[in-house]
Each structure stands twice: as C-alpha cells, then as structure tokens.
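S.K.: Next comes the sequence, and after it the predicted model I'd like to discuss.
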Amino acid sequence: MRRWDNRHLAAAGLRWLLLLLLAVPAVGLAQNTTIRGVVTDAKTREKLPFVSVSVPQSTIGTNTDDQGQFTLQVPAQYTTIVFTYLGYSPVTKTITPGQALTLNVQLATSAALLNEVVVRGSKPPRYKNKDNPAVTLIRHVIENKAQNRPESYPYVEYDKYEKMSFSFSNLSDKFKNRKIFRNYQFLFKTQDSTAAGGVNILPIYLEEKLFHEYYRKDPAKRQTVVLGNKQVEFDKHFIDNEGLSTYFNRMYQDIDIYANNISLLGNQLLSPIANSAPSFYQYYISDTLKQHVPQLIELSFFPRNKGDMLFAGKLYVTLDGNYAVQQANLSVDKRINLNFVKSLNASLEFAENPDKRYHLSKSFLGIDFGITEKGSGFYGERTVSFSKYLLNKAQPDSLYNAPLRVATDSSASRGAAFLQQNRPDSLSLVEKAIYRNVDTLQTIKSFQRSLTLFTFLFSGYKSFGPFEVGPSNTFYSFNPVEGFRLRVGGRTTPDFSKRIFFETYTAYGFKDEKWKYFLSSTYSFNNTSIYKFPQRLLRASFQRDTRIPGQDLQFVQEDNFLLSFKRGVNDKYLYNDVYRLDYVYEFSNHFSYTLGFKKLQQSPAGGLYFRNVVNDQPNNVTSLTTSELILGLRWAPNEAFYQGKLYRVPIINAYPIFSAQLARGIKGFFNGEYNYTNVAANATKRFYLSQLGHADVTLEGGYVLGQVPFPLLDVHRANQSYSYQLNSYNLMNFLEFSSDHYASLFIDQNFNGFFFNKLPLIKHLKLRETASLKLLYGGVRDENNPANHPELYQFLRDAQGQPISFILGTQPYAEASVGVANIFKLFRLDIVKRLTYLDNPNVAQWGLRGRFKVDF
C-alpha cells in the first residue's frame, strides 16, 4: 500500500494554500455597472421573489431571490433595466453607466388582472409541476438533449483556448500599507467595491493553454493536440508549479450543461436540464425575447431546497423546435453545502451551427473563496473560448488512437509571441502585468520566509536545494516496544539529479535501544522525476524497522505521532529486515506492471511470538525468512494525478482501478524457508449518485497456495487506533484473523448533506452524512491449520492461555458505521458497530472513530 509522504500532504497543502491565501481579480468587471436592491409589492410592502430583472434588447438579466434581493452587472453600453413579474405592471429604470446604484423597486399589481383574479391570501400559490408551462418547456429541452450535444455529430474538431487567473482578494488597507509592501504598491490593484474580490486585490497567477481537439462518435474517442501553454512560474523550491496547475484545473472543470451532473470542486451538482431536474428545481418563464432570431424563452430556475447541490440561474431556450440552450447563467445559493465558497457564477454562450443547432462558444466560471464571508481569501476565474468549429470531417484512425500530443513547435519554443497572435481575446492590463509582477513578488524576503514556513507545515519537508529533510510528522512517536522514538530522514530532489534519487531515514527507540534505518536508490529511465507519469524506474532498497502485523496504512506513515495512541493491548510487533528490488513500467494507457524481488526476515517482538511443536515439545522460533519473486499488474483507465517533481497523488474519478499481484516464495532462494504462491486481486470504483453523493466500492480477494505458517497467511488489515481508516477493519484487533483464502467488500457512502440540508437549524451547520459497510469472508484450509499440523506456528494466545487469533468460519466478519462529516469543515466522526464474532475476547462492539479531511 502507498504511504503518506509529502505527495498527499502536498495535495492537502494546496487546499490549505487556496483556503488561506489565494484570490483572482474579476477582470473587466470595473467596466460594468453594478445594480443591487430589493423588489417589493407597492401596496403590501411584501418582498417579491423570482422577479425578472433584465436589460432590454439583450440576454443579460437575473431574478430576485426568495427575499426579493438582486444584484446585476450591466455592461456600459446599456442605460435601462426592466422589472417584470406575472400579475404586476412592468417598471423601467434608467441607470448611469459606471456608477454603482442601489434600487429599491416597488411593483404595482396590474388593474386588468385584478378584475379577473380573486386574492385569497398573501401567500403565493404552492409551486407544482403539473400544468406548469415552464416545466413543460424544460421537459422539451430534456427530450432534445441528445441531438443538441456536440457528440450527436459523427466528427467534430475545434480550437480551444483556456485562461485561468487567481488573486489574493478582499485585502484590507492595513494589509496593503504594511511596511514590507511600501515599495511594491504596484503589485496591488484597486477595483470597484462591488466587483468580485473586493477593492484591493493582489493578482498572483495566470495560466493560458491553447489546444486543438478532435472528437469521433463511433467508436467514441477524443484526441487533444497541445498547441501552446504558458503559466506563472513560482520558485520551484517552494511551490510545485505543475502540481499547482493540475489542482487548479481540477477545481475549475469544463461545464457541460447537457450532462446530468456537473463536476465542480470535486463535487457533482445536478444540471438544471438533467433527466431528474424537475424533481429538484423550480422553473419560471420570466421573459420572452421576441426580437431574437430564433425567438428565445428566458427560463429562471431555483433549487427547491436551498442547501442542496443545485444551481440557480437562467436558461435561454430556442423556440425553433430544437429546444436548444442558447445561453445559460448559473450561480449557487449561499446556503449550499459547499465549503469556503462565498460566491460562484458561471455563464455559457452558444453559437449557431450551419444546421441551426448550437455549439458552446464561450464559458466563464468565477469563484470567490474565503474562510469567512468578509475576510480575505482568493478569487479565481476560468474563461474558455471555442473557435474554428468544424463538423463532420473525418480524420485518420491513427490520429484518434494516438496518446496526448504536443505540437513539435509548442509555445515553449515559439515564445510569448505565439499566444499573443493566437489567443481569441487579448489580455487586460492587469493580466499582462501578472507574469512580471510575480517575479518581483518572489524577491521579497518576507514572502520567501512565508513560503518556506508554509511548505514545511503542509508538505512536512524543509528543502536545502538538492536535499530535503522530513517528513516532520514522523520526527517523534512512541509505542510499547520501542518506547520513546526519534526519527530523522530526507531525500534528494531533481536539483541533485533527474535520473538518480535517494531516500533515507534513521530512527532510535529508547526502550529497546535499537537503531532502525532505511535507504533506497531509484533510477529513472525517463530522465525526469520518478513521480512523473508514465513511470519507468528501477528501485533498490533496504529497511530495518518495526511493524505491526495486520496494520497496512494507506497514505500514512506508521510512526506518525497521532497513530501512537491505540486502544486495547498493542504489544505485538515485528522487527523486519526487508531487501527489495523493483522495476516499474507504466504505459500511456495507464496499464502498468511491476517486476520485483523481496527478501524478508521477520523477528517477533513484544507480546508476539513464533512457536511450533517439535518432537512433542514447544519450540520458540526466533525469525522467519522468505524470498519472493513478484509480478504486479495495474490498470487505471483515464486516471489523472496531482503530479509534481516530488509527489504524485491519484485524483479519484468515476473510472475503476484494477490491480493484481502474484508473489512466488521459493525455498532455498536467498535463504527462503517456504515454497508458496500468494495471489491477490483488487477492484475499486467511485459511483456518483447525483444528489445522493457518491459511494466508494472496493472488491478484494486473495488465495495462498502451499503450506505456510500464519505470518505468511493474509493477516487481515485491522485498526486499533482512534482514526477512521477507510481500508481497514476499524473494530478488528491486530492479528485477530488470518486466512489463506478470502474475499471482501468495502462500501463507503457519502451523502453530501442530502438529508441534513432539509432539517431546520441543522442545515445551517452544513454537515454531511456518511455510512459504511465492510464484509470479509475467509478461512484456512486444513493444511494450514496449526491444530492439524503442529509443526506450523501456533495461533496466538494471551498470558492466560486464551486464544486471541482466530479462523473465519462460515459467517463473515462484518462491521458498519454511520457518521457525520464536514464538522467545522475539517472532521469526520463515525460510530462503528461490529456485527459478528462478538464473543472473541477483548473486542469492542462499538467505537467512535475520527478522520481529518479538508474538502470543498
């Protein structure tokens, strides 16, 4: 299993960096006029929800929320806005371009309508789908989704230009006027107070990409040719630029309005034109644009429940029989169960094809982040433009089947002039200055010190150029065998060599008075970082250290200080000497294989013992040596990574991951004591369930052929710490169960607040529900049962002679949990119930386990 080194800490650090520091300006918003206010009934003074606020002769507009409030950005060329509401007379207001304005508008009921309607109360009629023309219209849009998607054409190709920018936002004058910035005021930009990001912003990041993309319908295939790219470059010793770019692009993904679910910030929001959307949204026909050809209907939509993962906004639908989306404006309610998001706005524009259908021509996504509503944070926006749209032109099959391509004369060699000539929109003055200003910012000593501290806190490593020391969370720990334990280690960086990498640590236990150490050397055949995909490397390593049998931690160092605290009896350890040689080869299609050799010498420590019966007498065995040849296979179609020079973290997506391993133990080979074959297979997949969140499902199985003692069986993954571990049995004791054949099922369901969002008071806490189920079937064949073969190591007993290691019977081991996540936006707590084998000694039937996680 993979360990938590600075790969995963760096990914978490990126999240914290965004939460605490970054932001981007709302480029161009200063040229707009910001209008905000409240719309009420002229007679009753009641606030009117869902009033249409629009700019005549345009598709610019919004709706009031359920409190009658609105905010609208109006381009400088328009001077009037209109307020319309069914049953009320429209009101037109004149505005002065460039001047922010607060309008509190009162609408009077229409006299003509009053003659026909009997008012029976102040409450509006209850919303319903039946006989609702807006719902009828949206059902037409849903029915025509397939024909209006680009994927309906046999072949499509186009140029795609992406621009992403970030800035520190909502900076106070006190921060801006600090002494350290006295000579660097040019870094700050001042904008309209109503613009996203606030008055004072500090632009720090800009990235541009230009692609040519191809699509083939049958068989479905996409191909991308990278024409050019450019991004702000930070000092590589502090920030991994490639990893930063990957993380930002993961946050700001393409918005496909025709998909049932839209991925944003690692979550899935239901599209307003999803198949099931009428069950979750309310729709209103708010305007008709008769002057537009074809005629458009403005359709406003709102979530039925404000806290659910849903959008609010407007769709402009063509009335030409195609019912295509011509434009879409999307936002989210402030009460939505998203973390650290103060506001989110997206817009999609569609252009007409020769056959009168539409393709996406431009998209915009802007998100304002912050820990608090009014504090500083960061603002980021991504603009994507599509041009040179070409339909139904077939390309050779070789083009579609090739891996990701980079143009031979990409922008790296063409220089900035290439993007200058080919970007569809010119950069603003603020954006043009970002590249230069960031270089200047990095010369400020206090900024360098802040980055150094941040890097150490969240990656756990302190860089010294070609070598870095860490990880910091393993410097101190303790356990019953070693007592107080100190450890120090480090590894080389690409500054030392791009082909050869070294990693090492040494540790000392003050109770057992033994030194432990580790040394590895890795050679990269790609002449690049060993973490960069695709990997092609050879690694040799030696490790002498302690280990708990049955503790297989994913992404976590075993001597992490927080894992020093454990429940129950925890004194069964191993002293291991491990020699390894591994060759890893990854293909571009994400299939990989590993060829390896491992020699392992295990010596029992603490309360663990190896004991068999020889000549009817108990015999204590001091060590067990095995030598294995290993073949590992892995296939992860469409896998993506947060990838940098010194880490690589898989990004969970909807695609499955398959892995298998065959280990052949050979007796007499490098002093190996047993012949055996261990086969294991694993399949894992995340199932996205729209409004019900997602479920992570893992199937695993294994089989040991040959007669072996219990340390060479599959010792099932147990957990006696107080942390909730996704891939371990959280109420199983260490060494409690071993098997020579087994099958397991793990299900971890995250509901993303679907139920809590509907509970009064509770919904304001933005909590999220979790549930899990873990099942394990297994057993030991007679040939590996020490009760039948006393020459095998006996299963463990405690000091009173009571058995503490067992064989699974016909009944599976089972445990289930329910939990609450997103506590203070940081924690998950689960109540775990053990369901079977409750009569085993020293077992806990219930447990409270916690897990730390920062997520959007």
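M.R.: Arrived safely. Numbers count the residues shown, from 1 in each chain.

S.K.: Check for me that residue 649 belongs to a helix.
M.R.: No - using DSSP: H, G, I helix; E, B strand; the rest coil, the assignment for residue 649 is strand, not a helix.

S.K.: Surely it is in contact with residue 533?
M.R.: No - taking contacts as Cβ atoms under 8 Å, residue 649 lies outside contact range of residue 533: 11.5 Å. Where you see a C-beta, it was placed from the backbone N, CA and C, and this is true even at glycine.

S.K.: send the alpha carbons of stretch 773-789 over as PDB?
M.R.: C-alpha atoms of stretch 773-789 as PDB (Å, rounded to 0.1, in the frame of the first residue of the first chain):
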ATOM      1  CA  LEU A 773     -20.300  -1.500   5.400                       C
ATOM      2  CA  LYS A 774     -17.400  -3.900   5.500                       C
ATOM      3  CA  LEU A 775     -17.700  -7.600   4.900                       C
ATOM      4  CA  LEU A 776     -14.900 -10.200   5.000                       C
ATOM      5  CA  TYR A 777     -15.300 -13.900   4.000                       C
ATOM      6  CA  GLY A 778     -12.400 -16.200   4.600                       C
ATOM      7  CA  GLY A 779     -10.900 -19.300   6.100                       C
ATOM      8  CA  VAL A 780      -7.900 -21.600   6.500                       C
ATOM      9  CA  ARG A 781      -7.600 -24.900   4.700                       C
ATOM     10  CA  ASP A 782      -6.700 -27.900   6.800                       C
ATOM     11  CA  GLU A 783      -3.100 -28.000   5.500                       C
ATOM     12  CA  ASN A 784      -2.500 -24.500   7.000                       C
ATOM     13  CA  ASN A 785      -4.400 -25.100  10.300                       C
ATOM     14  CA  PRO A 786      -1.800 -25.500  13.100                       C
ATOM     15  CA  ALA A 787      -4.400 -27.500  15.100                       C
ATOM     16  CA  ASN A 788      -3.900 -30.200  12.400                       C
ATOM     17  CA  HIS A 789      -0.200 -29.600  11.800                       C
END
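
S.K.: Please verify my assumption that residue 281 contacts residue 306.
M.R.: No - the criterion here is Cβ under 8 Å, and residue 281 misses it with residue 306 at 11.8 Å.

S.K.: Among the two, which residue is more densely surrounded?
M.R.: Between residue 281 and residue 306, counting by other Cβ atoms under 10 Å, residue 281 is the more crowded of the two (24 against 19).

S.K.: Just list the residues touching the nearest residue to that one once chain neighbours are set aside, thanks.
M.R.: Spatial nearest neighbour of residue 281, chain neighbours left out: residue 301 (4.9 Å); criterion: Cβ to Cβ, 6 or more residues apart in numbering. Counting by Cβ atoms under 8 Å, 6 or more residues apart in numbering, residue 301 touches 138, 272, 281, 282, 283, 284, 311, 312, 313, 314, 315.

S.K.: cool, residue 676 as well?
M.R.: Residue 676 makes contacts with 664, 665, 704, 705, 706, 707, 708, 712, as judged by Cβ under 8 Å, 6+ apart.

S.K.: quick one: the helix or strand hosting residue 507 to chain centroid distance?
M.R.: Assigning secondary structure by DSSP states H and E places residue 507 in strand 500-509. Mean-position distance between strand 500-509 and its chain equals 31 Å (Cα atoms, centre = their mean, to the nearest Å).

S.K.: And for stretch 588-605?
M.R.: Distance of stretch 588-605 from its chain centroid, counting by Cα atoms, centre = their mean, is 28 Å.

S.K.: Next, name the residue at the spatial heart of the chain.
M.R.: residue 266 (4.3 Å; Cα atoms, centre = their mean).

S.K.: Report the separation between that one and residue 688.
M.R.: Distance of residue 266 to residue 688, given as Cβ to Cβ, to the nearest Å: 11 Å.

S.K.: before we move on, what about residue 827?
M.R.: Taking Cβ to Cβ, one finds residue 827 at 24 Å from residue 688.

S.K.: go on, residue 756?
M.R.: From residue 756 to residue 688 the distance is 19 Å (Cβ to Cβ).

S.K.: Which residue of those two possesses the greater neighbour count?
M.R.: Neighbour comparison, residue 756 and residue 688: the larger count goes to residue 756, with 21 against 15 (by other Cβ under 10 Å).

S.K.: Wait, that one touches residue 763, no?
M.R.: Yes - judged on Cβ under 8 Å, residue 756 makes contact with residue 763 at a distance of 6.2 Å.

S.K.: list residues touching both of these two?
M.R.: residue 307.
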